[in-house]
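>>> I would like to see how this sequence folds:
(chains A and B)
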There are 2 protein chains.
Amino acid sequence: MGQGMRKQITGFSNPTVKYLRSLRDKKHRKRAEQFLVEGLRLLEDARSGGRLPRQLVMASEREPHGLLDRLERDVEEAGGEVIETTPDILSKITGKSNAQSVVGVFDEWSTALQTLDRSIAPIWLVAQSLRDPGNLGTMLRTGDAVGAGGLILIDDCADPFSAEAVRASMGAVFTQRVAQARWEEFVPWLRSGPGQLAAASLREAVPYRSAAYEAPCFILIGNESQGLPEAYEAECDMRVTMPMKGRADSLNAAMAGAVLAYEVLATLDGQS
Amino acid sequence: MGQGMRKQITGFSNPTVKYLRSLRDKKHRKRAEQFLVEGLRLLEDARSGGRLPRQLVMASEREPHGLLDRLERDVEEAGGEVIETTPDILSKITGKSNAQSVVGVFDEWSTALQTLDRSIAPIWLVAQSLRDPGNLGTMLRTGDAVGAGGLILIDDCADPFSAEAVRASMGAVFTQRVAQARWEEFVPWLRSGPGQLAAASLREAVPYRSAAYEAPCFILIGNESQGLPEAYEAECDMRVTMPMKGRADSLNAAMAGAVLAYEVLATLDGQS
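I've put the predicted structure just below:
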């Protein structure tokens, strides 16, 4: 396991470089069912969340770091591969001029609804057609903060395994559960067990501060520009509205999710 | 004022094109004290907020639009200039392959603290070293939603006149007041009138749900990765903390600002 035994990549045209570069593209990620995580901090979040990369690609001129040494050992012990390459090739892989000195390649995990156990948490976030990967990552981070179980992505959302979503989640993608489903799958799954579906709504709705939230509460947030389809709102057990004192009629989706999630948390904590 | 009298730009090397392109760069914006706003929607937000561009640059092959006609008229009546150019040149100016078909050039306005009248609103947002222009724009949008007076940017923050901040603000940059100041200027200004300084803190603090907020309440949010310097927190009248149930020790800065601002709004509304 010494450094001498490691795979070295020195050529830009190496097929591994080409493959890793391709994972920046959603279409290729979907086909390969793998994704990239950049930087020691996120890789350490992954490790402590129980996720190890299949491959660890490190710059040859990196700074020594105890956490990186442990990560290398864990990856090798789990049967993964540690690869050394040049900083320039790492930049080529990530598409960033000042790339992090380490990148991990992870297998995507299942995001089927059936993998969720709703009994593990009192709050779940549900986003419909959330297009911005930054908002997606932020919602995962909010979920972590309020002790949610995870984030359920309805219809056509941004990819939770994109570099931007992973980065914006600050590692919460490794600890929050993530599911992806069409609305037509989500509703039967939801109704097959306990759960209150509460939507942030612009239509007829009760004030969000005085609503009777109940665990497990599924907080549904609509698309950034369209809001929720009327039929989706009709399916909800509760529609709540937040004050809008200004000229705009809605908050940023991630923002509405955070304000509402903290309100639900306070209500549920007050009950217990 | 007919279309025939308009200035036409057809060459990529035209000095106006070069100048407008340069406004994408913060350094050039600061020197010129002008900034670009892309797209009819934001330009209409500006107009209804009382701000008109000095110059309006439109693609020659745009769709006709009643709002755009009114904007053209208003710009010309205010002594501004309407310029027609090709979609390709507009793309060159904005740096986007599918550029909006209209761009406005605005004079920056003063962001001196002295321009703020604290008596106009019960809530003010204050951000310290906020680096992400998207977060800055989102905070302006949150300010609009809670009926805040504006956003005060302390120390080295992102540029409120950058395209990304303007876009993320969804036009709130035209209605919320924006000020920029060093901490050493801000504190004497704050203490020269009524106002409670309340910080979202990770240190010794009271729970944010039971704090005695008072108008005008200045909500202070720290830098995305460092939080607030200890000396800044010491200056605050109140430090409040939000529950963090997960592995992370802090929320996204814009998110913390929104949750706290809505809490302050509910408290102040309950008092009145």
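
>>> close to chain B, is whichever helix in chain A runs longest?
Determined from DSSP state H, the single longest helix within chain A is helix A:253-271. Yes - interface with chain B: helix A:253-271 contributes A:254, A:255, A:258, A:259, A:262, A:265, A:266, A:269 (C-beta under 8 Å from any C-beta of the partner chain). Placement of C-beta: from N, CA and C, glycine included.

>>> got any ranges where chain A has weak pLDDT?
Counting by pLDDT under 70, chain A has low-confidence residues at A:1-5, A:272.

>>> distance of residue A:106 from chain B?
Per C-beta to the nearest C-beta, to the nearest Å, residue A:106 is found 18 Å from chain B.

>>> what's the answer for residue A:163, then?
Using C-beta to the nearest C-beta, residue A:163 is found at 16 Å from chain B.

>>> What of residue A:84?
Going from residue A:84 to chain B by C-beta to the nearest C-beta gives 29 Å.

>>> about what we covered before: which strands and helices lie in contact with the longest helix of chain A?
Helix A:253-271 sits against strand A:123-128, helix A:133-146, strand A:196-200, strand A:217-221, helix B:133-146, helix B:253-271, with contacts defined as 3 or more C-beta pairs under 8 Å, 6 or more residues apart in numbering or on different chains; DSSP states H and E.

>>> and it, how far out from the chain's middle?
Centroid separation for helix A:253-271 versus its chain: 19 Å, with C-alpha atoms, centre = their mean, to the nearest Å.

>>> which stretches of chain A form helices?
Under DSSP H, chain A gives helices at A:15-22, A:26-32, A:40-48, A:66-77, A:87-94, A:133-146, A:163-168, A:183-191, A:230-235, A:253-271.

>>> Now the last one: buried residues?
I take that to be helix A:253-271. Neighbour counts using 16 or more other C-beta atoms under 10 Å in any protein chain shown place A:253-268 of helix A:253-271 among the buried residues.

>>> Stretch A:53-68 now?
Using 16+ other C-beta under 10 Å as the test for burial, stretch A:53-68 gives A:53, A:55, A:56, A:57, A:58, A:59, A:60, A:68.

>>> wait, which of these is closest to chain B?
Using C-beta to the nearest C-beta, residue A:53 comes nearest to chain B of the buried residues of stretch A:53-68, at 19.0 Å.

>>> what's the neighbour count on the closest residue to the closest one other than its chain neighbours?
Computed as C-beta to C-beta, 6 or more residues apart in numbering or on different chains, the closest residue to residue A:53 that is not its neighbour in sequence is residue A:104, at 3.1 Å. For residue A:104, the count of nearby residues is 25 (other C-beta atoms under 10 Å in any protein chain shown).

>>> could you redo the residues of helix A:253-271 next to chain B as TSV and give each row distance to residue A:218?
Compiled in TSV, the residues of helix A:253-271 next to chain B are given as follows (distance: C-beta to C-beta, whole Å):
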residue	distance to residue A:218
A:254	17
A:255	19
A:258	16
A:259	16
A:262	16
A:265	14
A:266	17
A:269	18
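
>>> Between the residues you listed, which sits nearest residue B:108?
residue A:255 (26.4 Å; C-beta to C-beta).

>>> quick one: contacts for that closest one?
B:138, B:141, B:142, B:254, B:255, B:258 (C-beta atoms under 8 Å, 6 or more residues apart in numbering or on different chains).

>>> Now for the residue lying closest to residue A:194 once chain neighbours are set aside: which residues touch it?
Of all residues not flanking residue A:194 in the chain, residue A:216 sits nearest, at 6.3 Å (C-beta to C-beta, 6+ apart). By C-beta under 8 Å, 6+ apart, the contact list for residue A:216 reads A:118, A:119, A:121, A:122, A:123, A:124, A:149, A:194, A:195, A:196.

>>> Write a ChimeraX command that selects only the buried members of these.
The following ChimeraX line selects those of those that are buried, judged by 16+ other C-beta under 10 Å:
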select /A:118,121,122,123,124,149,195,196
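
>>> re earlier: show me the one of the helices and strands packed on helix A:253-271 that comes nearest residue B:38.
Evaluated with C-beta to C-beta, those place helix B:133-146 nearest to residue B:38, the distance being 13.4 Å.
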